[in-house]
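**Student:** Have a look at this prediction, sequence included:
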Amino acid sequence: MSGFLGYLLQRLIGVMVTILFVAITIFLMVRILPGDPARVIAGVLASDQDVARIRTQLGLDQPLWTQAGIFLNDLAHGDLGTSARTSDPVTQEILARLPYTALLAVVSLAVAIAVGLPLGALAAARAGSLADLAVSALVLFGISMPVYWLGLMLIILFSIQLRWLPAAGASGPLSIILPAVTLAAFSVAFIARITRSSMLEVLRQDYVRTARAKGTPARGVLWRHALRNALPPIVTIIGLQFGELLGGAILTETVFGWPGMGRLLVDSIFSRDYPMVQGLVIVFALMFALVNLAVDLLYERIDPRVRYG
Amino acid sequence: MASPAPAPAAAARSGGALRRAFGGETLKRLRRNPSAVTGVVILLLLVLAAIFAPLLTPYDPAKQSLSDVLQHPSRAHLLGTDQLGRDLLARILYGGRLTLFIGAFAVAVGIVVGVPLGVVSGFYRGATDMIIQRVMDLMLAFTSFLLALTLVSLLGVGLTNVIVAVGISTIPRFARLVRSSVLTIREISYVEASRALGAADQRVLWRHVLPNAVAPVIVQATLSMGGTILAAAGLGFLGLGVQPPTPEWGAMLGQGRNYIFSNPSVSTFPGIAIFLAVMGFNLLGDGLRDALDPQLRGSR
């Protein structure tokens, strides 16, 4: 067990280093890329005094090293700065939105796994059949379709035509259905595709033939032997693909007016709230890194060949 | 974005790989591949429609007509009109030029920067490799759409910045792919033999390593076209892409969504156009992968 704890600690330090570098990068991007944040926030008509005042307010008049020191020190204390738009602490505003994005991401991922995994396994078990072809078509549809367009089409069908589900907002449990289905579509396709290929690989192995030869029912071979061994690469891909899911969440939240971090990010970009954009990018990267850490830890559970320590 | 990277260096089993990869045998396999053929047909139709847009529609994509706003599809306007009375079909046809242009140039940015990084990383290894790979890790930690979105929000909107932002977000994909190809190829015996005979790095690189790394890059570039089109249209949808009145599919969809209650076609048709383009590249990419690397056939 101590081996595992050591491994966990090592990985957590890795996540922190990644986030530190992400933070430094976004900090430098905001300050070095062309464009003066203070002037942009002040507006085109602002006087030079106003711009100077905002620059002081944001600390942009300090030398870069001083700014970086203050920024990183605050970051270490969980302080992401002050919103240029509302003057509230960035951390507080993000924490208020975080549960919505986390809920949307978790529900979508659950839907995607619950649908994608069996579809992929089915396609592999009956490779070349009509069912396989249907799954392939579905996969192609899922990975080629713009998520924002699917969202709008679902709104047109289920909210405007049928009036079954709310078109926007987050009031009541019904309102998550459309955003979650929209966001899940790409992941369903992706998971089905990778499950199919991973299962096909495993079904060719000797131990599967042995299991069949000793008379294990086909269903048992498929689910007990094959899927279990096909799972590790699938789980890895699901973790990596979570980044795409977060990107999709930004668009999905915008389509459905879902009050999560993605919508806050888009709003903040339009209102030139650089401290907020900076903070959101860091928190998004942190979520992605933590999910991938969790995925790697899951590995031990599902793949007995991997042991830490 | 959409697909896992093709297996690296699979075409690297013998010399003259470049000729072998793109010779008649590959073309024959491509022609027999239903996925590749469908992809090519879709893409050809889209390219021809974009090129010959002025011949296919009498309407000017920028011409507003306030007496014709938000019309449903009719004989005069086959796909209807948008919120400013502009003909939707004309805007989609002309918009195709921009979408294909953005997608291609963004992928070009990814290749031009990513491939040399991957070659240097894989060929020289050591500290250079370590630094390049950590930078790629850092870019991947942002996740691709968020990286493009952040870059565009800092650089400002507009055609060039969208291409640069989306292009930069594809760099790690090419750098990683080429690095692993090169790592595999340089261990192959004939490359080792050539080095042992005293061939200079440059010669080994140009004659043996690069030609063998080309095939996976072409597959990845094709699949990436779908990804860059989706990402660029996503930025357009958010209002952070190419700015109005230029007809761009993502932006049309984004503006059309305010009118889905009165006229859904304004957001429906541009979305179908994006979908077809992305699907075309995904089909062609899958077909190319199968044709260039028969060993992988059916495994993905």
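**Tutor:** Structure's in. What do you need?
**Student:** Which strands and helices lie in contact with the strand or helix carrying residue B:270?
**Tutor:** Assigned by DSSP states H and E, residue B:270 belongs to helix B:265-292. With contacts taken as 3 or more C-beta pairs under 8 Å, 6 or more residues apart in numbering or on different chains; DSSP states H and E, helix B:265-292 sits against helix A:130-144, helix A:147-154, helix B:24-31, helix B:34-51, helix B:88-124, helix B:210-238, helix B:249-256. From N, CA and C alone the C-beta is placed, and that goes for glycine too.
**Student:** Out of the ones you listed, name the one with the poorest average pLDDT.
**Tutor:** The minimum mean pLDDT among these belongs to helix B:24-31 (a mean of 79).
**Student:** Counting neighbours, which bits of that one end up buried?
**Tutor:** B:26, B:29-30 (16 or more other C-beta atoms under 10 Å in any protein chain shown).
**Student:** Now it - C-alpha only, PDB.
**Tutor:** C-alpha atoms of helix B:24-31 as PDB (Å, rounded to 0.1, in the frame of the first residue of the first chain):
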ATOM      1  CA  GLY B  24      -0.300   2.400 -58.200                       C
ATOM      2  CA  GLU B  25      -0.900  -0.200 -55.600                       C
ATOM      3  CA  THR B  26      -2.100   2.300 -53.000                       C
ATOM      4  CA  LEU B  27      -4.300   4.100 -55.500                       C
ATOM      5  CA  LYS B  28      -5.800   0.700 -56.500                       C
ATOM      6  CA  ARG B  29      -6.500   0.000 -52.800                       C
ATOM      7  CA  LEU B  30      -8.000   3.500 -52.400                       C
ATOM      8  CA  ARG B  31     -10.300   3.000 -55.300                       C
END
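**Student:** list the contacts for residue A:142?
**Tutor:** Shown in contact with residue A:142 (C-beta atoms under 8 Å, 6 or more residues apart in numbering or on different chains): A:185-186, A:188-190, A:192.
**Student:** again, only this time at 7 Å
**Tutor:** A:185-186, A:188-189 (C-beta atoms under 7 Å, 6 or more residues apart in numbering or on different chains).
**Student:** list the contacts for the residue nearest the centre of chain A?
**Tutor:** Centroid check for chain A by C-alpha atoms, centre = their mean gives residue A:246 as the closest residue, at 2.8 Å. Going by C-beta under 7 Å, 6+ apart, residue A:246 touches A:105, A:284, A:287-288, B:143, B:146.
**Student:** Now render these as a markdown table, adding pLDDT and secondary structure.
**Tutor:** Formatted as a markdown table, the contacts of residue A:246 follow (pLDDT from 0 to 100; DSSP: H, G, I helix; E, B strand; the rest coil):
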| residue | pLDDT | secondary structure |
| --- | --- | --- |
| A:105 | 95 | helix |
| A:284 | 95 | helix |
| A:287 | 94 | helix |
| A:288 | 94 | helix |
| B:143 | 89 | coil |
| B:146 | 94 | helix |
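**Student:** Residue B:188: which of these is nearest?
**Tutor:** residue B:143 (34.4 Å; C-beta to C-beta).
**Student:** Was I right to think the closest one contacts residue A:243?
**Tutor:** Yes - the criterion here is C-beta atoms under 7 Å, and residue B:143 meets it with residue A:243 at 3.4 Å.
**Student:** so what sits against both of those two?
**Tutor:** Going by C-beta under 7 Å, 6+ apart, residues that sit against residue B:143 and also against residue A:243 are residue A:288.
**Student:** confidence score at residue B:2?
**Tutor:** Residue B:2 is given a pLDDT of 42.
**Student:** and the closest residue to residue B:57 other than its chain neighbours, how many neighbours?
**Tutor:** In space, and not counting its chain neighbours, residue B:57 is closest to residue B:90: 4.4 Å by C-beta to C-beta, 6 or more residues apart in numbering or on different chains. A count of nearby residues for residue B:90, using other C-beta atoms under 10 Å in any protein chain shown, gives 24.
**Student:** that older thread, now tabulate the buried residues of helix B:24-31 in a markdown table and tack on distance to chain A.
**Tutor:** What follows is the buried residues of helix B:24-31, written out as a markdown table (distance: C-beta to the nearest C-beta, whole Å):
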| residue | distance to chain A |
| --- | --- |
| B:26 | 22 |
| B:29 | 19 |
| B:30 | 18 |
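**Student:** how many other residues sit next to residue A:219?
**Tutor:** Neighbours around residue A:219, by other C-beta under 10 Å: 9.
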